[in-house]
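Peer 1: give me a 3D structure for the following:
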Amino acid sequence: MNRAATEPNNGDTQARVDSWVWAVRLFKTRSAAATACRAGHVRVNGATAKPAQPVRPGDEIRIRNNGIERIVVVERAITKRVGAPIAAQCMIDRSPPPPPREVLATLPQRDRGTGRPTKRERRETDRLLGRADS
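Peer 2: From the prediction side, this is the model:
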């Protein structure tokens with residue numbers, strides 16, 4: 001087997017942030033990664049990242065995707081999409097654990113398709129929660 005296939009871009013010390021998060025399988029497509037960067041959902045070392053911002057080993061990347069925050073540290077800069085075992089070696093995952101199922105079950109949820117509350121429902125909710133009328 002070709003060594004370059006198992007260890008992509010050994011000589012590279014940096015990669016584009018949109019390419020890197022796609023290559024380590026944090027986004028399904030590179031265009032989705034670039035869109036998330038433009039929308040401000042990707043932060044590198046605490047600052048909002050544009051898609052072409054370079055990342056280097058040691059950089060911390062925070063991604064907000066589908067309501068879940070992922071915190072990863074770059075171990076190795078890669079630009080080509082690789083298999084899951086190699087992708088896991090290219091980053092250190094420091095994401096907080098997901099909330100327990102008991103907490104998720106207590107959060108209020110609407111039935112699918114019911115949409116936003118009506119003005120009457122909002123007023124009833126405000127009265128129930130003791131909020132002052134404005």
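Peer 1: per-residue confidence at D12?
Peer 2: pLDDT, D12: 63.
Peer 1: ok, now V73?
Peer 2: 96.
Peer 1: can you confirm it is in a strand?
Peer 2: Yes: using DSSP: H, G, I helix; E, B strand; the rest coil, the secondary structure at V73 is a strand.
Peer 1: chain neighbours aside, what residue packs nearest to it?
Peer 2: Excluding the flanking residues, the one nearest V73 by Cβ to Cβ, 6 or more residues apart in numbering is I92, at 4.3 Å. C-betas here are computed from N, CA, C, even on glycine.
Peer 1: from the contact counts, what lies against the strand or helix carrying the one you found?
Peer 2: According to DSSP states H and E, I92 maps onto strand 91-93. In terms of contacts (3 or more Cβ pairs under 8 Å, 6 or more residues apart in numbering; DSSP states H and E), strand 91-93 is packed against strand 68-74.
Peer 1: tell me the secondary structure of R76, please.
Peer 2: Per three-state DSSP, R76 ends up coil.
Peer 1: and if you look at E102?
Peer 2: E102 is classified as helix under three-state DSSP.
Peer 1: count of residues packed around it?
Peer 2: 7 (other Cβ atoms under 10 Å).
Peer 1: distance of it from G67?
Peer 2: 18 Å (Cβ to Cβ, to the nearest Å).
Peer 1: now do R30
Peer 2: Distance from R30 to G67, by Cβ to Cβ: 22 Å.
Peer 1: higher neighbour count, these two?
Peer 2: Using other Cβ under 10 Å as the criterion, R30 and G67 rank with R30 on top: 17 against 5.
Peer 1: OK, contacts around the more buried one?
Peer 2: Applying Cβ atoms under 8 Å, 6 or more residues apart in numbering, we find R30 in contact with 18-19, 22.
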